[in-house]
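In: how would this look folded up:
(2 chains)
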Amino acid sequence: MAVTLDQTIAQKQHTFVSRLFANQTFWVVIAVILACLFLSVATDSFATSKNIFNITRNVTFVAIVALGMTFVIITGGIDLSVGSVLCLSSMVLAVTMHAGYSIEVGILASIATALAIGAFNGILIAYLGFPPFVVTLGMLSVARSLAMVASNNTVVFQFGPDHQKLLALGGGAWVFGIANPVLYMILLALITGFILRLTKFGRHIFAIGGNEHAATLTGVPVKQIKVVVYMISALSAGIAGIIQTGWLGAVTTNLGNGMELQVIAATVIGGANLAGGVGTALGAVVGAALIEVIRNSLGLLGINAFWQGTFIGGAIILAVLFDRIRNFRRSD
Amino acid sequence: MSVLELANISKHFGAIQAVNDVSFSLEAGEVVGLMGDNGAGKSTLVKMIAGNFHPSHGTMRLDGKELVMHKPADARQHGIEIVHQDLALCNNLTAAANVYLGRELRRGFGPLRILDYGAMYKRAGQLFAELKSETRPRDLVKQMSGGQRQAVAIARTMLSQAKIVLMDEPTAAISVRQVAEVLNLIRHLRDQGIAVVLISHRMPDVFDVADRVIVMRRGRKVADKNIASSSPEEVTGLITGAIEQVA
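Out: Purely as a prediction, here's the structure:
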C-alpha cells in the first residue's frame, strides 16, 4: 500500500521514550536519583530528615537564580552579575528594614533595585549592542561595590520592627515541614516552565536563541524581549537574595560571591546550551540539585573538601559530553 | 488600480546610496521578476516594502492609500508577506513553530492565554499538504532538507490573505526538482490573485514564470518591460551595464 502525503505529514517521528532517552535533563535526573540511592546505602547520615532538609534548602538559592539565568541563556546571552545583584538586593532589604521601615517596603525596594539593574543590563545589551559578557561583568563589580557603599561594608543582622517576619519568611517551614525556600523554588520553577513552554513570550525567547536575525525578520520584538529577559534574571537574583537574608538572619557584603559560576554550571548541567536556543526550568533545578548532592556527599563520605571543585567541574564536562556524543551521531 | 505603487523611492545608509529614485507599480495576479547584480539594491528595495527599512525619500501606496510602516509586523498587517533569502528559520524550533513565528495561535483569555499547539500543528500540516511537501509539522527544522525548509518558509506566507508576496532568491540553493516545485508554487499564488515579486539571479526561472521584469543597476531602475518583449540577452546586458537603459 502506498503511503499518502497526508500520512507522511501526520507521522510522528519520535516516540515519548525515544525523546526521553535523548534528553540530557532526563539523564541528570537519573544521576541525582542514583547518587541519592547510593548515599542512602553507603552512609548513615545522608537519608536523615535533617540532611535532606539541609540539601533541599541549599539547592534552592542556586536553583532560583538558575531559573532566571535559564531565560538569558536560552536567548544566547549570559548574566555574570547575578551573585552581586543577589548581594545588593539583600543589602538594600537589610538596610531599609534596619532603618525602621516595614518588611513590605524593604522587599519593594529590594525588588525595584534588582529590576533596575536588570533593565540597565538589558538596555545596554539589546539597544546599544554591548556584548552581554562585558556588560554583566561590569555590573558584577558595580553591584557588589554598591552593596558595600549601602552598608558601609558592615554586617547587618538587625532588621527593625519586622525582624521576626523576615526570619520566618526565609527560615520557616509553613507547609508539611518543607523549608519555605523550597516552596518558593517549586512555585518559581512551575511559573518558569509555564512561561517557557506555553506562552508566546517563551516561544519568542527560544526563537531569539535559535536565530536572532530570523526572529527580527518575522516581527518578534527582539529588543524588548532581551531587556525583559535580563530583568527576569536580576529579579530571580533579587528574590533569592530576600529569601537568603531571611534564612541567614544576617547580610554580609560577600554574600553570593562567585555564585554566578555555580548558577551557570547548574543550567548547563541541566541541559541548557550556552550557544542559545535550548533550556528548561526542570533542567535548572535538577542541575542545581546535582551540584548540591555532589557537594553534600563529598562531606558525608569524608572526602577532603578541596576535591569539591574537581567533582563539580567534572560533572559539568560530563553532562555536556553526553550532548556532544548525541550530536556527533547526528552529524555523521 | 495597482496593488502597490512605489514613487521615487530612495534609501541611503550614510554616504552609500543603496536605492536611488525608483518607481514602479504592481498589479494583482502578476509575477514580476526583479533582477540585478549583487549590490544593485534589490534586497534593500524589498526590505523597504517588507517594512524592515524606512525609505529615505519617496512614497509607497497600497491600494491607493499611502503606506507607512515602522516594523515588519506592519507590512504583514497590510497583506505583504516575504520569503527571505536565508529563509529566516530557527533551527531549534519545529516546522509548525517556524510557520507561526511572530503570530502564534493562542487559546484561553486574559493573562492565561497559552499557545495552541494542536491548532498550529494541524494548520501547518494542511499548508504542507497544499504545497505537496513531505514536511512534518512536529519535526525540528534542524533535521530538514533544503526543499522542506523552503516549504516551511513559503507556508508562512499562506497563513493569512496576502496581497503581495516578495520572494528573495527562492531558487538559489535548492535542487533542480525543487526549483520546479517552487515555480509551481509561485503560479499557485498568482492564480489566487496575489502579486508576486521574484528576486532572482537565475534567468531561466524569471523567464519561465514572470510576466514582467524589472532590472536594477547601482541603485537605479534601468528597465521595466514585459517578458514577452524582452530576452535573456537584453536583461543580461542591462544587469552588467552593457546596455545603459531601456524605456
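In: which parts of stretch B:15-23 are buried?
Out: Neighbour-count burial for stretch B:15-23 flags B:17-20, B:22 (criterion: 16 or more other C-beta atoms under 10 Å in any protein chain shown). The C-beta positions use only the backbone N, C-alpha and C, and glycine is treated the same way.
In: who are the contact partners of the residue nearest in space to the middle of chain B?
Out: Nearest to the geometric centre of chain B sits residue B:166, at 1.7 Å (C-alpha atoms, centre = their mean). Neighbour list for residue B:166: B:46, B:49-50, B:80-83, B:196-197, B:199 [criterion: C-beta atoms under 8 Å, 6 or more residues apart in numbering or on different chains].
In: could you rerun that using 7 Å?
Out: B:46, B:49-50, B:82, B:197 (C-beta atoms under 7 Å, 6 or more residues apart in numbering or on different chains).
In: helices - which of these land there?
Out: Residues of the contacts of residue B:166 located in helices (DSSP state H): B:46, B:49.
In: out of the contacts of residue B:166, grab the one that's most surrounded.
Out: When neighbours are counted by other C-beta atoms under 10 Å in any protein chain shown, residue B:82 leads the contacts of residue B:166 with 27 neighbours.
In: for chain A, see how far away it is.
Out: Taking C-beta to the nearest C-beta, to the nearest Å as the measure, residue B:82 falls 8 Å from chain A.
In: who touches that residue in this structure?
Out: Counting by C-beta under 7 Å, 6+ apart, residue B:82 touches B:46, B:50, B:166.
In: could you redo the last one with a cut-off of 10 Å?
Out: The neighbours of residue B:82, taking C-beta atoms under 10 Å, 6 or more residues apart in numbering or on different chains as the test, are A:217-218, B:46-47, B:49-52, B:72, B:75-76, B:88, B:153, B:156-157, B:162, B:164-168, B:197.
In: now residue A:118: which helix or strand?
Out: helix A:103-126 (DSSP states H and E).
In: from the middle of its chain, how far away would that helix be?
Out: The chain centroid and the centroid of helix A:103-126 are separated by 17 Å, computed with C-alpha atoms, centre = their mean, to the nearest Å.
In: before we move on, the earlier item: just the buried residues of stretch B:15-23 now: which is nearest chain A?
Out: The closest of these to chain A turns out to be residue B:18 (C-beta to the nearest C-beta; 17.9 Å).
In: not counting its neighbours along the chain, what's nearest that closest one?
Out: Leaving aside its sequence neighbours, residue B:18 sits nearest to residue B:44 (C-beta to C-beta, 6 or more residues apart in numbering or on different chains; 4.2 Å).
In: for the one you found, which three-state class applies?
Out: Under the three-state scheme (DSSP: H, G, I helix; E, B strand; the rest coil), residue B:44 adopts helix.
In: who in the stretch 201-332 of chain A is up against chain B?
Out: By the rule C-beta under 10 Å from any C-beta of the partner chain, the part of the stretch 201-332 of chain A lying against chain B is A:201-204, A:206-221, A:273, A:275-278, A:330.
In: which ones among those lie within strands?
Out: If you go by DSSP state E, those have nothing in strands.
In: element containing the residue nearest to residue A:259 when sequence neighbours are not counted, please.
Out: Nearest non-adjacent residue to residue A:259, counting by C-beta to C-beta, 6+ apart: residue A:83, 3.6 Å away. Per DSSP H and E, residue A:83 falls inside helix A:82-98.
In: for residue A:77, same thing?
Out: Residue A:77 is part of no helix or strand when elements are defined by DSSP H and E.
In: and residue A:321, by the same measure?
Out: Assignment of secondary structure by DSSP H and E places residue A:321 within helix A:308-331.
In: so what touches that helix?
Out: A:21-25, A:27-28, A:31, A:261-262, A:264-266, A:268-271, A:273-274, A:278, A:283, A:287, A:290-295, A:297-299, A:303, A:307, B:142-143.
In: longest helix in chain B, please.
Out: Longest helix in chain B, counting by DSSP H: helix B:176-191.
In: how close does residue A:20 get to residue B:98?
Out: Distance of residue A:20 to residue B:98, given as C-beta to C-beta, to the nearest Å: 24 Å.
In: between these two, which has more neighbouring residues?
Out: The neighbour comparison of residue A:20 against residue B:98 (other C-beta under 10 Å) goes to residue B:98, with 30 against 12.
In: does chain A sit close to the helix or strand where the more buried one lies?
Out: Residue B:98 is part of helix B:95-99 when elements are defined by DSSP H and E. Yes: looking at helix B:95-99 against chain A by C-beta under 10 Å from any C-beta, the contacts come from B:95, B:97-98.
In: any idea how far chain B is from the closest residue to residue A:158 other than its chain neighbours?
Out: Ranked by C-beta to C-beta, 6+ apart and with sequence neighbours excluded, the top spatial neighbour of residue A:158 is residue A:98, at 5.9 Å. According to C-beta to the nearest C-beta, residue A:98 and chain B sit 36 Å apart.
In: and the strands in chain B?
Out: If DSSP E is used as the criterion, the strands of chain B fall at B:4-13, B:16-26, B:31-36, B:57-62, B:65-66, B:80-83, B:106-107, B:114-115, B:164-168, B:195-199, B:212-217, B:220-226.
In: let me have the ones you listed in CSV, extended by mean pLDDT.
Out: Output for those, formatted as CSV (pLDDT from 0 to 100):
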stretch, mean pLDDT
strand B:4-13, 91
strand B:16-26, 90
strand B:31-36, 92
strand B:57-62, 90
strand B:65-66, 88
strand B:80-83, 88
strand B:106-107, 89
strand B:114-115, 92
strand B:164-168, 90
strand B:195-199, 92
strand B:212-217, 92
strand B:220-226, 89
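In: hmm, back to that, now do the helix holding residue A:83 and helix A:103-126, the angle between them.
Out: Helix A:82-98 runs at 150 degrees relative to helix A:103-126, counting by axes from the mean of the first three to the mean of the last three C-alpha atoms, to 10 degrees.
In: residue A:55 contacts residue A:181, correct?
Out: No: in this structure, residue A:55 is not within contact of residue A:181 by C-beta atoms under 10 Å, at 11.9 Å.
In: neighbour count winner among those two?
Out: Using other C-beta under 10 Å, the more surrounded residue of residue A:55 and residue A:181 is residue A:181, with 26 against 19.
In: roughly how far does the more buried one sit from residue A:168?
Out: 12 Å.
In: from memory residue B:126 sits against residue B:135, does it?
Out: No: using C-beta under 10 Å, residue B:126 makes no contact with residue B:135, being 11.6 Å away.
In: please say which of the two ends up with more neighbours.
Out: Applying other C-beta under 10 Å to residue B:126 and residue B:135 shows that residue B:135 carries more neighbours, namely 27 against 15.
In: report the contact partners of that one.
Out: Residues in contact with residue B:135 (C-beta under 10 Å, 6+ apart) are A:5, A:8-9, B:95-96, B:99, B:124-125, B:127-129, B:141, B:144-145, B:147-152, B:155.
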